[in-house]
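Visitor: Quick one: sequence and predicted model below, then my questions.
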Amino acid sequence: MSVQLYDTHSRSIQTLAPQPGEPLRFYCCGPTVYGPAHIGNFRTFLIQDVLRRVLEVDGTEVRHVRNITDLDDKTIRQSQAEGKSLAEFTTHWTEKFHTDCETLNMLPPSLEPSAVEHIPQQIVLIETLIQKGHAYAAEDGSVYFRVSSFENYGSLSKLKQRELKTQNENSAGAVNDADEYDRESVADFALWKARKPEDGDNYWASPWGEGRPGWHLECSAMIESSFGGQTIDLHGGGIDLCFPHHENEIAQSECAHDHALCRHWFHSAHLMVEGEKMSKSLGNLYTLNDLREKGFSPMIVRYTLIAGSYRQQLNFTFDGLHASQSALTKLERFADSLLKKTGEGREALAGYISADAPEDFGRFAKAWDALRNNLNTAACLGAIFGVLGANPAASLDADGARAMLRAFGSLLYALGLELFTVEEKQIDAPAEIQALAQQRWEAKQAKDFAQADALRDELLEKGWVIKDRKDGFELEPG
RNA sequence: GGCGCGGUCGCCAAGUGGUAAGGCCGAGGACUGCAAAUCCUCUAUCGUCGGUUCGAUUCCGACCCGCGCCUCCA
């Protein structure tokens, strides 16, 4: 039993394993809480959530730490713009993030450190780095990391220092960054940023004067305090963080601690929306609420965001959401067919959804293997539907159905999918329409089909479609 | 220029050195007064050109096309 996962650093698939007797130490760069998280953010967090669940089902204990970035340029700028204190502002968006996570059925992390609560640890880290010659204070009171002092810089992203420099000079035509002035090299990055007027009240005392920590340093400090300064097993984040954020984390932590920061790097690809890069200016930056207003339940969004390979860009489309909706319904019908065999109601399904995996996944073995093999959610879902296609419930007795439900339930747990939660689009028809529909139903019951069809046509003209069910009818907007 | 991802049925998408999972949509059938819903069945030779091989979509090379990062964006 083991889980295989692609590692960005070695550029190869490696077995994930904790240190003997220890939980797997898993750190994820969390959200910057300066507004509602969008589906792109959630794609990354959801994939991390699925990995964690797969590890749990596989029997690995996981210490999952995901931070809250509540102190950086964006949170400061936005809180000021709204005339709120940083704490008030970030608390609000942190709460909103939690609500969304819960709605998406994400497991809460074991620990959720906040950047602003780790300033003392960050200052200590800077002092250590200065002492060791890896950092220096500039005249204005900012402190920079001396990239040239760390030989391995760039090993994660495979960017050579020389190339970075060349790029900086070429793309800009000239090196003209204002911060540049105080830095020894363009590649050096800020560990501590001297206080500026636009920071408002958001500054802290330090040996180098008032100011605030740099973003990269926050993660290094939180990892250190969350895992006792030990090498962690796994570090996750969006692919964009690979450089410079993670590269800088490595530099800071390894220079301070003289041991590896992390054994295994886990990066997920970004999201496209309808074939275009997601951005505010294109107006295609959706939040969970946006999609809910358009009639897509959170579980549909979850399914859509985890259904593709995590290492490939996912093109998020409304067609895709509809496809997910149908697929999810198919899973629900399957669950129904098994529950019918066991004589249980839908509410019993929850009892089968568990990280406590069966010894044998039976027909679902292929689906489970797919998840353990580099988190192949697409192949997993494919294998699940492959089983469904054979209509296995038909030939099972109650015990057989229960066994299959256990395996199915473990897969649902690993994927974090909940069934029967899709909110029906309950759009109430006006009384007049309801009355016509009722008349039509009565005509149909009386086998006066001419009259029934006439009324149905009339409703259609008024924009409502009748769909007969077993013991009645439903009205949907045409 | 550097690093990286990708081009597989109308759309999404998995995968393997020996003739291609799955989902959506669509089509046909069953059912239904007709529809709907449901159930059953059906649809590809894998960007281009070379090479290796008994055999390549899968390995190697070249090329074309799309996309991401290299500017504190998951």
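Guide: Received it, and whenever you're ready, just let me know what you need. Residues are numbered from 1 along each chain as shown, chains lettered A, B, ... in the order given.
Visitor: With adjacent residues omitted, what lies nearest to the closest residue to RNA strand B within the stretch 151-300 of chain A?
Guide: At 1.9 Å from RNA strand B, A:Gly238 is the closest residue in the stretch 151-300 of chain A, using CB to the nearest atom of the strand. Every residue, glycine included, has its C-beta placed from N, CA and C. Once flanking residues are discounted, A:Gly238 sits nearest to A:Thr44: 4.7 Å by CB to CB, 6 or more residues apart in numbering.
Visitor: How far off centre is the host helix or strand of that neighbour?
Guide: Per DSSP states H and E: A:Thr44 is located in helix A:39-57. Distance of helix A:39-57 from the chain centroid (CA atoms, centre = their mean, to the nearest Å) equals 6 Å.
Visitor: Averaged pLDDT, the helix or strand just after that helix. What do you get?
Guide: Scanning forward in sequence from helix A:39-57 by DSSP H and E, the next helix or strand is strand A:62-66. Across strand A:62-66, pLDDT averages out at 97.
Visitor: Tell me which other helices or strands strand A:62-66 touches.
Guide: Other elements packing on strand A:62-66 under the criterion 3 or more CB pairs under 8 Å, 6 or more residues apart in numbering; DSSP states H and E are strand A:24-28, helix A:39-57, helix A:215-226.
Visitor: nearest to A:Asp233, of these?
Guide: strand A:24-28 (4.6 Å; CB to CB).
Visitor: hmm, that closest one in reach of RNA strand B?
Guide: No: shown here: strand A:24-28 not in contact with RNA strand B (CB under 7 Å from any atom of the strand), separated by at least 8.4 Å.
Visitor: Mind listing what's buried along that strand?
Guide: A:Leu24, A:Arg25, A:Phe26, A:Tyr27, A:Cys28 (16 or more other CB atoms under 10 Å).
Visitor: who's in contact with it?
Guide: Outside strand A:24-28, the residues that touch it by CB atoms under 8 Å, 6 or more residues apart in numbering are A:16-18, A:45, A:48, A:52, A:55, A:60-67, A:109, A:219, A:222-223, A:226-227, A:230-237, A:262.
Visitor: What's the mean pLDDT across it?
Guide: 97.
Visitor: Also stretch A:292-299?
Guide: Stretch A:292-299 comes out at a mean pLDDT of 92.
Visitor: who does the helix or strand encompassing A:Thr91 touch, helix- and strand-wise?
Guide: For A:Thr91, the element it lies in under DSSP H and E is helix A:86-103. Applying 3+ CB pairs under 8 Å, 6+ apart, one finds that helix A:86-103 contacts helix A:73-81.
Visitor: now for the helix it packs on, which elements pack on it?
Guide: helix A:86-103.
Visitor: In stretch A:103-118, which residues are buried?
Guide: So for stretch A:103-118, counting by 16+ other CB under 10 Å, buried means A:103-107, A:109-110, A:112-116, A:118.
Visitor: Now for the closest residue to A:Asp188 other than its chain neighbours, how many residues are close by?
Guide: In this structure, A:Asp188 finds its nearest non-sequential neighbour in A:Tyr144, 4.3 Å apart by CB to CB, 6+ apart. Neighbourhood size, A:Tyr144 [other CB atoms under 10 Å]: 24.
Visitor: A:Asn248 belongs to a helix?
Guide: Yes: A:Asn248 sits within a helix when classified using DSSP: H, G, I helix; E, B strand; the rest coil.
Visitor: Once you drop chain neighbours, what's closest to it?
Guide: A:His216 (3.8 Å).
Visitor: now A:Trp265
Guide: In space, A:Trp265 is closest to A:Thr8, 3.9 Å off (CB to CB, 6+ apart).
Visitor: contacting residues around that neighbour?
Guide: A:Thr8 neighbours (CB under 8 Å, 6+ apart): A:Leu156, A:Cys242, A:Trp265, A:Phe266, A:His267.
Visitor: Packing partners of the host helix or strand of the third one?
Guide: Under the criterion of DSSP H and E, A:Trp265 resides in strand A:262-268. Contact here means 3+ CB pairs under 8 Å, 6+ apart; on that basis strand A:262-268 packs against strand A:3-7, helix A:39-57, strand A:232-238.
Visitor: Which positions within the shortest one qualify as buried?
Guide: Taking 16+ other CB under 10 Å as the neighbour-count basis, strand A:3-7 is seen to contain the buried residues A:Val3, A:Leu5, A:Tyr6, A:Asp7.
Visitor: thinking again about what came up before, what count of nearby residues applies to the residue nearest to A:Gly238?
Guide: 28.
Visitor: and stretch A:212-227, what's its mean pLDDT?
Guide: 96.
Visitor: Ignore what I typed, I meant stretch A:317-336.
Guide: pLDDT averaged over stretch A:317-336 gives 94.
Visitor: same thing with stretch A:10-19?
Guide: 93.
Visitor: Stretch A:448-457 and RNA strand B, any residue contact?
Guide: Yes: residues of stretch A:448-457 contacting RNA strand B under CB under 7 Å from any atom of the strand: A:Phe449, A:Ala452, A:Asp453.
Visitor: How about residues contacting the helix or strand just after the helix holding A:Thr91?
Guide: As assigned by DSSP H and E, the chain's next helix or strand after helix A:86-103 is helix A:119-131. For helix A:119-131, contacts defined as CB under 8 Å, 6+ apart pick out A:135-137, A:143, A:145, A:191-192, A:204, A:206-208, A:212-213, A:217-218, A:220-222, A:224-225, A:252, A:255-256.
Visitor: I'd say A:Pro358 and A:Ala407 touch.
Guide: Yes: shown here, A:Pro358 and A:Ala407 form a contact pair, counting by CB atoms under 8 Å, at 5.4 Å.
Visitor: Who has more neighbours out of those two?
Guide: Applying other CB under 10 Å to A:Pro358 and A:Ala407 shows that A:Ala407 carries more neighbours, namely 21 against 18.
Visitor: Give me the helices and strands touching the host helix or strand of the more buried one, please.
Guide: A:Ala407 belongs to helix A:398-415 when assigned by DSSP H and E. The helices and strands touching helix A:398-415, judged by 3+ CB pairs under 8 Å, 6+ apart, are helix A:39-57, helix A:318-342, helix A:349-352, helix A:365-372, helix A:377-389.
Visitor: Highest mean neighbour count out of these?
Guide: helix A:39-57 (a mean of 24; mean count of other CB atoms under 10 Å).
Visitor: if we can go back for a sec, out of the helices and strands packed on strand A:262-268, which gets nearest to A:Tyr352?
Guide: Closest among the helices and strands packed on strand A:262-268, once you apply CB to CB, is helix A:39-57, at 13.0 Å.
Visitor: No further queries at this time; thank you.
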